[in-house]
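Trainee: predicted model and sequence below, questions to follow.
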Amino acid sequence: MPVRIVQLGTPRAPGEGLRLGTVRRPPRGVPKEEFASRDYYDTWLPNLAPSADLMAEGRAAQTDKEWAAFKRKYQAEMNQPDASRVLDLLAALSHQASFSVGCYCDDEQHCHRSVLRELLAQRGAEIARD
């Protein structure tokens, strides 16, 4: 039952399970009671999103060097005890339950969810191949 890494707001894959939103802000213009039915997320985990300042830095990154700096800083944020424990939990759950984590970005390669994929893999998570 591997964890899936997804773009929030896209149709769910069969058997995807619970969808976790690792975003700083809820989707704009969507009533809270419709988050799940519109395929955004079932549960919100903003503590796995980059801090507001770091998110702005990541969005502004244009070069490989700037992206690498964002990535290092985000990994440091995720190494803080609260976030690290949640990542450990998700990695363990990936062997027992169906769920996905994601954010809104179109391009996973220029998105914090690509880093989440790596961090979960480092913790031994079973990750679905897309």
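Mentor: Received it, and whenever you're ready, just let me know what you need.

Trainee: so residue 95, which of the three states?
Mentor: Three-state assignment for residue 95 (DSSP: H, G, I helix; E, B strand; the rest coil): coil.

Trainee: same check, this time on residue 39
Mentor: At residue 39 the chain is in coil, as set by three-state DSSP.

Trainee: what count of nearby residues applies to the nearest residue to residue 101 once chain neighbours are set aside?
Mentor: Excluding the flanking residues, the one nearest residue 101 by Cβ to Cβ, 6 or more residues apart in numbering is residue 20, at 4.7 Å. (C-beta placed from N, C-alpha, C; glycine too.) Residue 20 has 21 neighbours, counted by other Cβ atoms under 10 Å.

Trainee: same question for residue 120.
Mentor: By other Cβ under 10 Å, neighbour count at residue 120 equals 21.

Trainee: for residue 102, phi and psi?
Mentor: Backbone torsions of residue 102, given as degrees, to the nearest 10, read phi -170, psi -180.

Trainee: how many residues are close by it?
Mentor: By other Cβ under 10 Å, neighbour count at residue 102 equals 24.

Trainee: same check on residue 89?
Mentor: Neighbourhood size, residue 89 [other Cβ under 10 Å]: 11.
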